[in-house]
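[1] sharing a model prediction with you, sequence too.
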Amino acid sequence: MENVFASVPSIVNGLEGTDETAEAALVFAAWSQCAGEQLRAHAEPIDFSANRLTLAVSDEMWQRHLNGLKPQLIGKMKGAAGSRVVRFLEFHVCPDALRSARRSDATRSTDEPVGRVPPSLEEAAGAIGDKDLRARFMGAAAVCLAKHR
């Protein structure tokens, strides 16, 4: 799956009219790919702007732990999303946002439509061979678009 995901940044960057929403969707999907199951259970992306990924974390212990891992996490994100995309990470204790993200993930199947996204993002998602990763990318894109509307 990592080899499949490695092609996504170049696909998104090559699309005409790629904007912050497409980059945010890429970054959210990259976080999902890089973080692993245990970390995703305690940290979810809630915003991406100006090269800064903001994540909701479950409590102060996880916030301190992840702050200590920032250099490694940024390195993994740069590898997955491209070297110029994520330069900063912020961790905010926000268990309600984390619970909300989990509920929305649990209620959406990988085949369920995620809302309106531009054709360019659908085209980029079509190049992702892994069904679960494609669904995560589209879900992240829909969330980002909804926030910017």
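    Sure thing, it's come through.
[2] ok, residues contacting stretch 58-78?
    27, 30-31, 34, 41-43, 53, 55, 57, 85-89, 91-93, 95, 98 (C-beta atoms under 8 Å, 6 or more residues apart in numbering). Heads up, the C-betas are built off the backbone N, CA and C, glycines and all.
[3] quick one: which of the residues you listed sit in strands?
    43, 53, 55, 57, 88-89, 91-93 (DSSP state E).
[4] before we move on, the earlier item: just the buried members of the contacts of stretch 58-78?
    27, 30-31, 34, 42-43, 53, 55, 57, 85-86, 89, 91, 98 (16 or more other C-beta atoms under 10 Å).
[5] still on that earlier bit, quickly check the ones in strands among the contacts of stretch 58-78 for the two that are furthest apart.
    Using C-beta to C-beta, the ones in strands among the contacts of stretch 58-78 span at most 17.7 Å, a distance reached by Phe88 and Val93.
[6] residue ranges with poor pLDDT in the chain?
    By pLDDT under 70, the low-scoring segments of the chain are 1-19, 99-116, 143-149.
[7] cutoff 80 now
    For the chain, applying pLDDT under 80 flags the ranges 1-23, 81-84, 97-125, 127, 129-149.
[8] which residue ranges of it form helices?
    Secondary structure of the chain by DSSP state H: the helices cover 2-6, 8-14, 20-40, 60-68, 70-81, 95-107, 119-126, 131-148.
[9] can those helices go into CSV with extra columns for distance to Asp47?
    Shown next, in CSV, are the helices of the chain (distance: least, C-beta to C-beta, whole Å):
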stretch, distance to Asp47
helix 2-6, 21
helix 8-14, 18
helix 20-40, 8
helix 60-68, 16
helix 70-81, 14
helix 95-107, 10
helix 119-126, 18
helix 131-148, 7
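[10] I figured Ala124 hits Ala22, correct?
    Yes - here Ala124 reaches Ala22: they are 7.3 Å apart, a contact under C-beta atoms under 8 Å.
[11] picking up where we left off before, pick the one among the ones in strands among the contacts of stretch 58-78 closest to Pro119.
    Using C-beta to C-beta, these come closest to Pro119 at Leu53, 25.8 Å.
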